[in-house]
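Engineer: Give me the fold of what follows.
(one chain, ligands or ions: 1)
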Amino acid sequence: MVKYERVRQYLAASGYTSEFLLQHFDLPSLHLLFYPVGRQGEKFAQQYRRSGTALFLARVFIGGYGESREAFREHMPDAVFDAMAEGGILEQVAGGEWQSPGLVFPFRGFFIAADRAFRGQQQLPLGRDYVAGGADPTSVEFYDNMASTPCRTLLEMGTGSGIGALLASRFAERVWALDINPRAVEYARRNCELNGVENVTAMESDLYSATDGQTFERIVANLPFVPSDENTAVFAAGGDDGERILAGFLEGCAERLTPGGRLYALVMGSDREEDGFESRIRRYLGSGGEDCDVALFARKTMTPAEFAFDRVALRNSESAALFRWVRFMEQHRIEQMVLGTLLVQRREAERPAVTLRHTLSPGATVEDMDRRLSWETRCARPDFAASILSARPTASEGWRVLTKHAMEDGKMATISHSILVTHPFEETVECAPWVVSLAARVDGERTVSQLLGAIQKQTGAPGDVLLRVFAQLAALGVAGVR
Ligand SMILES: C[S@@+](CC[C@H](N)C(=O)[O-])C[C@H]1O[C@@H](n2cnc3c(N)ncnc32)[C@H](O)[C@@H]1O
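Structural biologist: Got it, this is the predicted structure:
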């Protein structure tokens, strides 16, 4: 810790922040600076040339440019320079200049060291154990979709450079950061030291192999989920059908979660012919799955062709790769690829396990997902009816009713009603007309029991059916219940 203390203090006071970098380079996302390709790369090279300490640090620690000892002296005290050299974030190269072997960049109030893919505009060969920075949009989506409410114990599986664990160190009392790649573990440890974070333990582990019977209140992961071959770097290799690592990760999770504990994972998987992604997730959980609720929140779906084009364009592959992807999709009878956030919750008490799948609307947050899972598990509890009947649900304005009409026997007739909700989940539920009048009567004054009593008089429907319908209206957000 002491080794990096000077470096940390210096960097924190230097103005080397992500806000500065995004503004100076006019970028929407910092990770673009790590890949200076084409004209964008030339523009970066020019923008690095201006003066100022924050930009000098960016030139050295992101750009990878070498600088003389004198140049460093202009921007930092000798003691900081020496600490950087001792900590391995600067090294002297032939010709006498000093350069940074990897990246060191600011991210959400931390400084993160990781491998670099470029030095200047020159692309470097990447080893299979390459450790990516972890500031790309997929990683950011993962950080934004792991719950950040206080908890006692948290495990991050597949930590990479350790950003997830560092962010978790702010709200979890103790954090374990695991990775199969020893270089990632080294980086995660170094990044904890660099940031003075003392409540994270980074360990090399193939999935749970190093966890030793421990249990965790929260488990988070952004594991490789893209189908891969033996040439893919470890950080991205998801196994032959892309779900092999996910399957192993889920198989061990039930016994590692404390009762009531939740797992949050960024996942990509497939809906296959008569085999939805959430059904396979249940199978991957194995026998421990009986004790778990599964909630899959889809952010994006892609047809096989869209996914194949996306992979080929992203990796700049040759066109033959397109056919390999399409063959792969056909072989596994894949109908669509699903990208989203998976929540798995270990049951806290005896009750039926719940399985949900919903489509997130663009602004939906992890709090929305947490709330939905909590509500649906509350509905599954044996005391649900008793707990809800005296509540006074509040009305919401965020719903619409779609009514379909058609000509029947020469007359225009109403043939169906659907309740439509667009936020935080996109849902359309076809329903009987009395469901619409139930929803319309919710006013914050009447209790659930009064609301259901009135509808029962009108329709004669059994109480348990009415309660189920009401529970669904509350899940949709049409009625607000505490
Ligand atoms: C996509 S990267 C994510 C890194 C980081 N958490 C982030 O969000 O940017 C996946 C990470 O999982 C690790 N990993 C792959 N297979 C693993 C396994 N069997 N056990 C533990 N970690 C694994 C990789 O080494 C890599 O660091």
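Engineer: now the strands: where do they sit in the stretch 251-400 of the chain?
Structural biologist: 257-272, 292-302, 334-346, 355-359, 394-395, 399-408 (DSSP state E, counting those that start in this stretch).
Engineer: what about the residue nearest the centre of the chain, helix or strand, and which?
Structural biologist: With distances taken as CA atoms, centre = their mean, residue 142 lies nearest the centre of the chain, 2.0 Å away. Per DSSP states H and E, residue 142 falls inside helix 137-144.
Engineer: Who does the next helix-or-strand element following that helix pair with, and is each partner parallel or antiparallel?
Structural biologist: Downstream of helix 137-144, the next assigned helix or strand under DSSP H and E is strand 151-157. Applying DSSP bridges, strand 151-157 is found paired with strand 172-179 (parallel), strand 216-221 (parallel).
Engineer: right, so of these, which gets closest to residue 26?
Structural biologist: strand 216-221 (32.2 Å; CB to CB). The C-beta positions use only the backbone N, C-alpha and C, and glycine is treated the same way.
Engineer: ok and that closest one relative to helix 137-144, angle-wise?
Structural biologist: Using axes from the mean of the first three to the mean of the last three CA atoms, to 10 degrees, the direction of strand 216-221 lies 170 degrees away from that of helix 137-144.
Engineer: what's the burial count for the residue of the stretch 251-400 of the chain found nearest the ligand?
Structural biologist: Nearest residue of the stretch 251-400 of the chain to the ligand: residue 266, at 7.4 Å (CB to the nearest ligand atom). Residue 266 has 22 neighbouring residues, counting by other CB atoms under 10 Å.
Engineer: now swap in residue 447 and tell me
Structural biologist: Around residue 447 there are 14 residues (other CB under 10 Å).
Engineer: got the contact list for it?
Structural biologist: 389-392 (CB atoms under 8 Å, 6 or more residues apart in numbering).
Engineer: Counting by contacts, list what the helix holding residue 142 packs against.
Structural biologist: The elements that helix 137-144 packs onto, with contact taken as 3 or more CB pairs under 8 Å, 6 or more residues apart in numbering; DSSP states H and E, are helix 163-168, strand 257-272.
Engineer: rewinding a little: out of the contacts of residue 447, which end up buried?
Structural biologist: With burial judged by 16 or more other CB atoms under 10 Å, the buried subset of the contacts of residue 447 is 389, 391-392.
Engineer: ok, of those, which one's closest to residue 378?
Structural biologist: Nearest to residue 378 among these: residue 391, at 11.3 Å, using CB to CB.
Engineer: Is it correct that the closest one is in contact with residue 481?
Structural biologist: Yes: between residue 391 and residue 481 a contact is recorded at 5.3 Å, counting by CB atoms under 8 Å.
Engineer: what touches both of the two?
Structural biologist: Residues touching both residue 391 and residue 481 (CB under 8 Å, 6+ apart) are residue 448.
Engineer: What residues sit buried inside stretch 468-482?
Structural biologist: Buried, per 16+ other CB under 10 Å, within stretch 468-482: 469-479, 481.
Engineer: The ligand contacts on the chain?
Structural biologist: Contact residues, the chain versus the ligand (CB under 6 Å from any ligand atom): 134, 139, 142, 157-160, 164, 178-181, 184, 205-207, 222-224, 234-235, 245.
Engineer: In the protein, where is pLDDT below threshold?
Structural biologist: Residues of the chain meeting the criterion pLDDT under 70: 1-2, 227-240, 314-317.
Engineer: Show which residue of it lies farthest from the average position.
Structural biologist: Largest separation from the mean C-alpha position in the chain: residue 410, at 53.5 Å (CA atoms, centre = their mean).
Engineer: that older thread, with mean neighbour count added, can I get the strands paired with strand 151-157 in TSV?
Structural biologist: Shown next, in TSV, are the strands paired with strand 151-157 (neighbours: other CB atoms under 10 Å):
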stretch	mean neighbour count
strand 172-179	23
strand 216-221	24
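Engineer: Include distance to residue 282 when you put these into CSV, please.
Structural biologist: Below are those laid out as CSV (distance: least, CB to CB, whole Å):
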stretch, distance to residue 282
strand 172-179, 24
strand 216-221, 17
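Engineer: can you tell me how far residue 478 sits from the ligand?
Structural biologist: To the ligand, residue 478 is 35 Å away according to CB to the nearest ligand atom, to the nearest Å.
Engineer: re earlier: roughly how far out does the helix holding residue 142 sit from the chain middle?
Structural biologist: Centre-to-centre, helix 137-144 and its host chain are 5 Å apart (CA atoms, centre = their mean, to the nearest Å).
Engineer: for it, which positions count as buried?
Structural biologist: Those would be 139-140, 142-143, for helix 137-144 by 16+ other CB under 10 Å.
Engineer: do the same with stretch 361-369
Structural biologist: Across stretch 361-369, burial judged by 16+ other CB under 10 Å covers 364, 366, 368-369.
Engineer: if I look at residue 263, how far off is residue 448?
Structural biologist: For residue 263, the distance to residue 448 equals 32 Å [CB to CB, to the nearest Å].
Engineer: Tell me how many other residues crowd the closest residue to residue 476 other than its chain neighbours.
Structural biologist: Nearest non-adjacent residue to residue 476, counting by CB to CB, 6 or more residues apart in numbering: residue 421, 4.9 Å away. Residue 421 has 20 neighbours, counted by other CB under 10 Å.
Engineer: What's opposite residue 421 in the beta bridge?
Structural biologist: Bridge pairing for residue 421 - DSSP bridges - gives residue 399, residue 427.
Engineer: can you pull the contacts of the closest residue to residue 298 other than its chain neighbours?
Structural biologist: Nearest residue to residue 298 in three dimensions, chain neighbours excluded: residue 340, at 4.2 Å (CB to CB, 6+ apart). Counting by CB under 8 Å, 6+ apart, residue 340 touches 266-268, 296-300, 360.
Engineer: since we're on residue 187, how many residues are nearby?
Structural biologist: Neighbours of residue 187 using other CB under 10 Å come to 27.
Engineer: what sits against it?
Structural biologist: Taking CB under 8 Å, 6+ apart, we find residue 187 in contact with 113-115, 131, 160-162.
Engineer: hmm, 10 Å instead?
Structural biologist: Shown in contact with residue 187 (CB atoms under 10 Å, 6 or more residues apart in numbering): 102, 112-115, 131-134, 159-162, 179, 181, 194, 202.
Engineer: Please apply the same query to residue 171.
Structural biologist: Contacts of residue 171 by CB under 10 Å, 6+ apart are 146-151, 154, 218.
Engineer: So which of these wins on neighbours?
Structural biologist: Most surrounded of the contacts of residue 171: other CB under 10 Å gives residue 154, at 27 neighbours.
Engineer: Isn't that one up against residue 175?
Structural biologist: Yes: look at residue 154 against residue 175 with CB atoms under 10 Å: they come within range, at 4.9 Å.
Engineer: what do the two both touch?
Structural biologist: Taking CB under 10 Å, 6+ apart as the criterion, residue 154 and residue 175 both touch 164-165, 168-169, 199-200, 216, 218, 220.
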